[in-house]
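>>> Give me a model of this one.
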Amino acid sequence: MMRRLSTGTAQFSLELSAAIDHAGLISSEIHETVAGIIQAVRQSGDQALLHYTEKFDEFKPSSIESLKVSKPEMAAACALISAPVNEALRLASLRIRDYHQRQLEALGQSWQFEDPLGNVLGQRVQPMARVGVYAPGGKACYPSTVLMTAIPAKVAGVASVALAVPAKGGAVRPILLAAAHYAEVDEIWIMGGAQAIAALAYGTESVRAVDKICGPGNVFVTAAKKQVYGDVGIDMLAGPSEVLVVADDSARVDWIIADLLAQAEHDEQAQSIVVSQSETFLNAVQAGLADAVAAQPRRTIIEASLRNRGLLIHAETREALVRVINRVAPEHLELAMSMPESLLPDIRSAGAIFVGQYSPEVVGDYTAGPSHVLPTSGTARFASALGVYDFQLRQSLIQCSKRGGRDIASAAAVLAQEEGLYAHALSATKRVESDE
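Predicted structure coming up:
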């Protein structure tokens, strides 16, 4: 069911590149369709939102006001879901908020110092004013996305968080409203797809524009985020979800198979990879997959994902294993091995690392605390997990004293002169020559 590769073969590098290639997932036709929707929303505002909501979400809203959910409705939804589900949401929100509060304290503070010349230098850290969160509503409902995006924004100090969520027939599920309540979302708009991204990016008569848009979506949402980037910030361009499991003979085969199924059930393009120096372990995983998949409610999706994107990779050496990890740069990396900490110093590229046998990727999806919005498609080589710092603005602070300003202005004038920027040099020398 899963393709086998080995680092020892001559063609391994080419085969791995082809297997993890994410190009072409968004067609030119989709980009063109999205461009038309964005243009319509920019030109027609609320009317375009109403039109596309009726077209794509199978209900005809009576007015733009009917697309907005109030905060009391979010709070009331907590009583409409079962007590265990409500408690799980509450626990997750507390853990996510606690983790990001620690992140804020560690990295998110303003600072300044005075240099020996009497100049004051530093950095001001300020929250963004307004952030938009997109929660998918197509193949599944994702209250966890609301928690994992809105809570870091609120912890960062963002004053206004607007949630956009598509809803077939206009009915938003209570669990999503309850998640928004626990995440302290300020407003919800029942809108989805490219039109929702355009409304958040540029605003309409009723929807106020945001400074940044976060949250995953389908290919139309991803294409729209790509097209509005530059006019508004985005978190990342999320591709299909992925997990790479490093396992040795100490790992439980049934546990690892369960982790692969959890990843594969996202969608047909999700990617599950196991890398091991033990061919015996890989053989056991391969032998146990069929029966495990057959028992799954979403087995059709899982089968397609494992068949088309799944990989079992035999690494002949520890060095080859590390190279595979950093080459794939997976969204999720599980270290299901007897001494997982020994591998950490060599890992350069991964969105989130799950250390040890008792740390399945699924806890990161819901309740561990760190945001599950992670870089995909190899972008962990240069991108990081969503966090408080993604909702903050860092402003350099420069306050020169009379004496200290003269000293550094003299050097600035020299450099400006060399670059042929004579007015720059003049601006600096004016301070040097001044008696005031």
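>>> shouldn't Met337 be in contact with Ser250?
Yes. Between Met337 and Ser250 there is a contact under C-beta atoms under 8 Å: 6.4 Å. The way it works is simple: take the backbone N, C-alpha and C, and place the C-beta from them, glycine included.
>>> Just give me the residue right at the centre of the chain.
Closest to where the C-alpha atoms of the chain average out (C-alpha atoms, centre = their mean) is Val373, at 3.0 Å.
>>> Setting the sequence-adjacent residues aside, check what's closest to it.
Of all residues not flanking Val373 in the chain, Leu386 sits nearest, at 3.7 Å (C-beta to C-beta, 6 or more residues apart in numbering).
>>> Can you report how many residues lie near that neighbour?
Residues near Leu386, counting by other C-beta atoms under 10 Å, number 24.
>>> ok but Gly233 is inside a strand, no?
Yes. Counting by DSSP: H, G, I helix; E, B strand; the rest coil, Gly233 is found in a strand.
>>> leaving aside the residues next to it on the chain, what's closest to it?
Lys212 (3.7 Å).
>>> now swap in Ala19 and tell me
Closest to Ala19 by C-beta to C-beta, 6+ apart is Leu311, at 5.7 Å.
>>> same question, Leu260
Ser272 (4.3 Å).
>>> Quick one: name whatever helix or strand follows the helix or strand in which that neighbour is found.
Applying DSSP states H and E as the criterion places Ser272 in strand 271-276. The first helix or strand that comes after strand 271-276 along the chain, using DSSP H and E, is helix 279-294.
>>> What are the buried residues along that following helix?
281-282, 284-285, 289, 292-293 (16 or more other C-beta atoms under 10 Å).
>>> other SSEs contacting the longest helix seen in the chain?
Ranked by residue count, the top helix of the chain under DSSP state H comes out as helix 83-107. Using 3 or more C-beta pairs under 8 Å, 6 or more residues apart in numbering; DSSP states H and E, the elements in contact with helix 83-107 are helix 143-156, helix 174-182.
>>> mind listing what the helix or strand that the longest one is followed by pairs with, with the direction of each?
Reading on from helix 143-156 to the C-terminus, the next helix or strand found by DSSP H and E is strand 160-164. Strand pairing for strand 160-164, determined by DSSP bridges: strand 130-134 (parallel), strand 187-189 (parallel).
>>> and of these, who's closest to Gln392?
strand 130-134 (11.1 Å; C-beta to C-beta).
>>> neighbouring contacts of the closest one?
Outside strand 130-134, the residues that touch it by C-beta atoms under 8 Å, 6 or more residues apart in numbering are 145-146, 149-150, 153, 158-165, 185, 192, 196-197, 200-201, 208-217, 221, 391.
>>> hang on, the earlier thing: just the helices and strands packed on helix 83-107: most buried one?
helix 143-156 (a mean of 26; mean count of other C-beta atoms under 10 Å).
>>> So which of Met337 and Ser250 has more stuff around it?
Legend: neighbour count by other C-beta under 10 Å for Met337 and Ser250, higher for Met337 (22 against 12).
>>> what's the distance between the nearest residue in space to that one that is not next to it in sequence and Gln357?
Closest residue to Met337 apart from its sequence neighbours, by C-beta to C-beta, 6+ apart: Asp248 at 4.5 Å. Distance from Asp248 to Gln357, counting by C-beta to C-beta, to the nearest Å: 10 Å.
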